[in-house]
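Q: using only what follows, build the 3D model:
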Amino acid sequence: MLVFVDESGDCGMKKDAGSSPYFIVTAVLFEDNEEAEACDKRIAECRQALKVRDSFEFKFYSCSDAFRECFFHAVAGCNFFYHSIVINKSGLYGPGFQEKNSFYKYATSLVFQNAKPNLREATIVLDKFGNREFGEQLSKYLKKKLNTDGVQFIKKIRMETSHSNALLQLADMVCGAVGRSLNQKAKDGMRFRRLVGHRELRVQIWPK
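A: Numbers count the residues shown, from 1 in each chain. Below is the predicted model:
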């Protein structure tokens with residue numbers, strides 16, 4: 001099993017200084033390598049259809065609606081599923097949320113707790129966040145949280161850069177679509193989330 005994880009928003013808690021109201025973490029799950037490779041191929045075909053270079057990186061915030069539309073239509077038939085956790089910062093209290101690495105670890109653990117029934121010996125690929133030391137800390141933290149009762153839900157965790165991994169870009173695009181659906185000012189905010197709605201297992205807003 002392969003899982004690709006990306007986030008939307010930021011870990012900042014100072015709304016008056018421009019911090020986002022939500023921090024969203026999305027985990028995209030593939031049952032096996034063949035399904036992941038098939039989706040990677042569909043994303044490559046989408047680049048060809050849009051006549052962009054092979055190294056073009058799909059990022060929700062910087063893509064036009066036309067590019068988003070093409071992307072989600074391309075991947076909608078692929079066999080993946082996703083979980084998202086939406087951290088509602090307005091409901092958070094306590095000093096632990098002021099430290100960005102702790103915030104990120106906690107948010108990531110929440111999405112994996114929700115995804116736990118769907119995991120088995122998963123290789124987790126996260127969009128690179130922080131330095132190597134933090135990556136090692138995060139790996140130990142998640143394995144300790146998830147690998148309980150003698151069951152190996154998480155086999156391996158690694159960090160990669162999204163510009164070289166199309167399936168991290170998939171996680172970014174899905175995460176962005178979830179974020180867009182929460183923006184009350186966005187016209188037809190559910191537009192892109194609907195295109196992959198049949199791939200959605202759970203989107204939790206926490207705290208309520």
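Q: contacting residues around the lengthiest helix in the chain?
A: Taking DSSP state H as the assignment, the helix of the chain that covers the most residues is helix 33-50. Helix 33-50 is contacted from outside by 2, 30, 53-54, 56, 58, 67, 70-71, 74-75, 77-80, 166-167, 169-170, using Cβ atoms under 8 Å, 6 or more residues apart in numbering. No exception for glycine: its C-beta is placed from N, CA and C like everyone else's.
Q: now it: average pLDDT?
A: Helix 33-50 shows a mean pLDDT of 98 in the predicted model.
Q: off-centre distance for it?
A: Once both centres are worked out by Cα atoms, centre = their mean, to the nearest Å, helix 33-50 turns out to sit 18 Å from its chain's centre.
Q: I'd like to know which of the contacts of helix 33-50 are buried.
A: Buried residues within the contacts of helix 33-50, counting neighbours by 16 or more other Cβ atoms under 10 Å: 2, 30, 56, 58, 67, 70-71, 74-75, 78, 80, 166-167, 169-170.
Q: for His83, give its distance to Glu35.
A: Taken as Cβ to Cβ, to the nearest Å, the spacing of His83 relative to Glu35 amounts to 17 Å.
Q: neighbour count: those two, which is higher?
A: Of the pair His83 and Glu35, His83 is the one with more neighbours under other Cβ atoms under 10 Å, namely 24 against 16.
Q: just to check, the more buried one is in contact with Thr26?
A: Yes - with the criterion set as Cβ atoms under 8 Å, His83 and Thr26 qualify as a contacting pair; they are 7.2 Å apart.
Q: intersection of neighbour lists for these two?
A: Taking Cβ under 8 Å, 6+ apart as the contact rule, the neighbours common to His83 and Thr26 are Val111.
Q: which strands or helices does the strand or helix carrying Leu142 pack on?
A: Element membership of Leu142, judged by DSSP states H and E, is helix 132-146. Other elements packing on helix 132-146 under the criterion 3 or more Cβ pairs under 8 Å, 6 or more residues apart in numbering; DSSP states H and E are helix 100-115, strand 122-127, strand 154-160.
Q: could you list the low-pLDDT ranges of the chain?
A: Counting by pLDDT under 70, the chain has low-confidence residues at 15-17.
Q: next, the residue nearest the centre of it: phi, psi?
A: Centre of the chain computed as the mean C-alpha position; nearest residue by Cα atoms, centre = their mean is Thr26, 2.7 Å away. In this entry, Thr26 is assigned phi and psi values of phi -120, psi 130 (degrees, to the nearest 10).
Q: now it: closest residue in space that isn't a chain neighbour?
A: Of all residues beyond its chain neighbours, the one nearest Thr26 is Cys175 (3.7 Å), with distances taken as Cβ to Cβ, 6 or more residues apart in numbering.
Q: quick check, that neighbour in a helix?
A: Yes - following the definition DSSP: H, G, I helix; E, B strand; the rest coil, Cys175 is counted among the residues of a helix.
Q: touching, it and Tyr22? I think so.
A: No - when contacts are counted by Cβ under 8 Å, Cys175 is not listed as touching Tyr22 (10.6 Å).
Q: for those two, indicate the residue with more neighbours.
A: Set side by side, Cys175 and Tyr22 give different neighbour counts by other Cβ under 10 Å, the larger being at Cys175 (25 against 19).
Q: good, we can wrap up now.
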